[in-house]
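S.K.: take this sequence and fold it.
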Amino acid sequence: MGQPDLFRLPRKPWNAGRMIGAKAPLKPKHIWAIRQHLKSLGAVRDLAMFNIALDAKLRGCDLVRLRLTDVAQAGAVRHRSTVVQQKTGRPVPFEITEPAREALAHWLEMRGSRTDDWLFPSRTRLGAHIGTRQYARLVDHWVQMIDLSPGAYGTHSLRRTKVALIYKKTGSLRACQLLLGHGKLESTVRYLGIEVDDALEISEQIDL
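M.R.: A predicted model of the protein is given here:
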C-alpha cells in the first residue's frame, strides 16, 4: 500500500469565489430602473414577466408554469389570483398591481392565440413553457442592465422583494408568511433574514 500523499493540495471548495446564501431583494430604485430599461427596449414579454414576478412572489418553478387563466378571465387581466405551489401544495394569494396588469395586457395582445395555455410559452419547445434556467438567465440580464451583480441577485430576489418591503413597512410576519405560502412562521423569519435586533425594535414600538 502506498504512503499517503502528505503534500497533496487541498481540494478547492465548490463555492470558492462564488457568492452564496440568500439573494438580496431589489430596492424600489432598482425596480424603477429595470422597468424603464425594459420599456425602452420594447421587451414586452420581459416587462410582463418582471412585473408579475414581483407581485406573485412565487418560486421560479411556479412562475414559469403560470397559465393564462391564472392572470386573466374573459380577456381581462385579474386584480387578484391564487396559485398552488408545487413544492408545498399550499395556495399562495397575490394581487396584480396596475403596472403588472398593464404590462400583461400588452403581452397577451402580442402573444396572441395559441394552442397551449402557458402565460410565458417557450420559444424553442413547442407546447412547453419557458424553463427555470431561462428565467434565471433573464433575471441575470435584467440586473446587469442596471449595473448590479448577477452574483448578488437572482430569481429569489424577485420573490423576496415585495415581502421585504411589506415587512419593513408593517412589521407583520403573518402577512409575509401568507404571501409567501410558508407553513411555519419560522420559515418566514429565516427567509427574510430577520435578526433578534429587528424583532426587538418592532416589539419596542408596541405600547401596552
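
S.K.: how many residues are close by the closest residue to Leu192 other than its chain neighbours?
M.R.: Nearest residue to Leu192 in three dimensions, chain neighbours excluded: Tyr167, at 5.7 Å (C-beta to C-beta, 6 or more residues apart in numbering). All C-beta atoms are positioned from the backbone trio N, CA, C, and that covers glycine. If you count neighbours by other C-beta atoms under 10 Å, Tyr167 ends up with 23.

S.K.: Ser149 too?
M.R.: 11.

S.K.: wasn't it part of a strand?
M.R.: No - read with DSSP: H, G, I helix; E, B strand; the rest coil, Ser149 is coil and lies in no strand.

S.K.: just checking, it touches Val143?
M.R.: Yes - between Ser149 and Val143 there is a contact at 7.3 Å, judged by C-beta atoms under 8 Å.

S.K.: what residues sit buried inside the helix or strand where Asp140 lies?
M.R.: According to DSSP states H and E, Asp140 maps onto helix 132-145. Buried residues in helix 132-145, counted by 16 or more other C-beta atoms under 10 Å: Thr132, Gln134, Tyr135, Ala136, Leu138, Val139, Asp140, Trp142, Val143, Met145.

S.K.: what does stretch 99-117 give?
M.R.: Buried residues in stretch 99-117, counting neighbours by 16+ other C-beta under 10 Å, are found at Pro99, Ala100, Arg101, Ala103, Leu104, Ala105, Trp107, Leu108, Arg111.

S.K.: which one of these is nearest Leu68?
M.R.: Ranked by distance to Leu68 (C-beta to C-beta), the buried residues of stretch 99-117 are led by Leu108 at 7.3 Å.
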